[in-house]
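In: curious how this folds, go ahead:
(chains A and B)
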Protein chains: 2
Amino acid sequence: MKRYRVLILPKKGLLDPEGRAIKEMLVENGYPVKDVQVGKVLEITVDGDVNVDQMVQKFLVNPLIEEYLIE
Amino acid sequence: MKRYRVLILPKKGLLDPEGRAIKEMLVENGYPVKDVQVGKVLEITVDGDVNVDQMVQKFLVNPLIEEYLIE
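Out: Okay, the predicted model is just below:
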């Protein structure tokens, strides 16, 4: 069994309304927050050999609007 | 400016319908996936000293159903 962590974030410069809302809420509560980006994290456990990069590109990410990182 | 990455995941054992749906889709497409957990990642940029752990606990995480990790 292997576990991979996949981070999927909106591409820089794209609208991220959830991130903006969280940022504004934190600023209103007194925190000096400049930016918040919200994305998804997937923790994927596989049993066997998997081309994780290919799987993520093919099924889990929209490359027009998202970028990803596999750890 | 400092940037923190906050990972928020459902607690082990709790229902995660989105993770389950993704897992089943990957299995149907031939990948030997045993488990998928879906959570959120926040990339937070701050300008100044912030007790990030306190901020996350107070405003961003529901400790009944979520666990978190700050990087």
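In: in stretch A:49-56, which residues are buried?
Out: Buried positions in stretch A:49-56, judged by neighbour count with 16 or more other Cβ atoms under 10 Å in any protein chain shown: A:V50, A:V52, A:M55, A:V56. (Each C-beta comes from the backbone N, C-alpha and C, glycine too.)
In: tell me the first helix or strand C-terminal of the helix or strand that contains A:I44.
Out: Assessed by DSSP states H and E, A:I44 sits inside strand A:33-46. Remark: after strand A:33-46, the chain's next helix or strand is helix A:52-55, criterion DSSP H and E.
In: strands paired with the next helix or strand after that next one, and their directions?
Out: Next along the chain after helix A:52-55, taking DSSP H and E as the criterion, comes strand A:66-70. Using DSSP bridges, the strands paired with strand A:66-70 are strand A:2-10 (antiparallel).
In: what sits up against the very next helix or strand once past the partner strand?
Out: Next in sequence after strand A:2-10, counting helices and strands by DSSP H and E, comes helix A:17-28. With contacts defined as Cβ atoms under 8 Å, 6 or more residues apart in numbering or on different chains, helix A:17-28 is touched by A:P10, A:V33, A:K34, A:D35, A:V36, A:Q37, A:V38, B:L42, B:I44, B:M55, B:F59, B:L60.
In: so what's the residue count around the first one?
Out: By other Cβ atoms under 10 Å in any protein chain shown, 20 other residues sit near A:P10.
In: and the residue at the greatest distance from the centre of chain A, what is it in contact with?
Out: Ranked by distance from the centre of chain A (Cα atoms, centre = their mean), the top residue is A:G30, with 25.8 Å. Listed by Cβ under 8 Å, 6+ apart, A:G30 has no contact partners.
In: same check on A:E66?
Out: By Cβ under 8 Å, 6+ apart, the contact list for A:E66 reads A:I8, A:L9, A:P10, A:K11, A:G39.
In: about what we covered before: is the residue farthest from the centre of chain A part of a helix or strand, or is it coil?
Out: Following DSSP: H, G, I helix; E, B strand; the rest coil, we place A:G30 in the coil state.
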